[in-house]
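Asker: pasted the sequence and its predicted model underneath.
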Amino acid sequence: MSRRLLVIGALAALAMLVLVGAASAAPTGWTLKSDVLGINVDVQSSSELPDLANGPGFYTGIPTRPGMGVTVAIAGHRTTHGAWFNKIDLFRKGNSVYMTSPQGRVFRYRFIRSRVVRENDVNGILRDLNEDKLVFSACTPKGQRTHRYVAEFIPESKWEELHQKRR
């Protein structure tokens, strides 16, 4: 490899470090905890690349948060920039995740299902926006951007209600 290509590569890597470390959207004060993912992190205010390097991020342009009674969508990387959602495919029915508000209110959600959709299929990711649920998305297969792995969760209260009906 020529010296010029090495310099160009080093400059590109430095530019990415600057972008990743650049102050963009600030953390929201919300935290996400998941034993399956092995994380307890601040949730970023957008799903743009610089923010996702610092943690999973609420979908850009969708101003919903837990407790509003509608879908909350969070994106994260699987193999780069912290790999926050690296194990997104390991969720099993009933696994819990916790969202904690800036005021300390804890929202517990339970995993119910997953699906894989094409990269640009926003409707496949954000089905039924008026339903009270939490949705995670990340690229799949790992290291590729052709599709999104979507994990869907419902509030603990809905989970309990569903399971009491089945008894």
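Answerer: Yes, it's here. All of these numbers come straight from a predicted model, not from anything done at the bench.
Asker: top strand in the protein by residue count?
Answerer: strand 106-118 (DSSP state E).
Asker: remind me what that strand packs against, helices and strands.
Answerer: Contact partners of strand 106-118 among helices and strands, from 3 or more Cβ pairs under 8 Å, 6 or more residues apart in numbering; DSSP states H and E: strand 96-100, helix 122-125, strand 133-140, strand 147-155, helix 156-165. C-beta coordinates here come from the backbone N, C-alpha and C atoms, glycine included.
Asker: export these to CSV and tack on distance to Tyr59, mean neighbour count and mean pLDDT?
Answerer: Below are the helices and strands packed on strand 106-118 laid out as CSV (distance: least, Cβ to Cβ, whole Å; neighbours: other Cβ atoms under 10 Å; pLDDT from 0 to 100):
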stretch, distance to Tyr59, mean neighbour count, mean pLDDT
strand 96-100, 14, 19, 98
helix 122-125, 8, 16, 84
strand 133-140, 8, 23, 96
strand 147-155, 12, 21, 97
helix 156-165, 21, 12, 88
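Asker: to Ala75, which of those lies closest?
Answerer: Between Ala75 and the helices and strands packed on strand 106-118, the shortest gap by Cβ to Cβ is with strand 133-140, which sits at 5.3 Å.
Asker: which strands or helices does that closest one pack on?
Answerer: With contacts taken as 3+ Cβ pairs under 8 Å, 6+ apart, strand 133-140 sits against strand 71-75, strand 106-118, strand 147-155.
Asker: could you rerun that using 10 Å?
Answerer: With contacts taken as 3 or more Cβ pairs under 10 Å, 6 or more residues apart in numbering; DSSP states H and E, strand 133-140 sits against strand 27-34, strand 71-75, strand 96-100, strand 106-118, helix 122-125, strand 147-155.
Asker: what angle separates the third one from strand 133-140?
Answerer: Here the directions of strand 96-100 and strand 133-140 differ by 110 degrees (axes from the mean of the first three to the mean of the last three Cα atoms, to 10 degrees).
Asker: next, the angle from strand 96-100 to strand 147-155.
Answerer: Using the same axes, to 10 degrees: strand 96-100 against strand 147-155 is 80 degrees.
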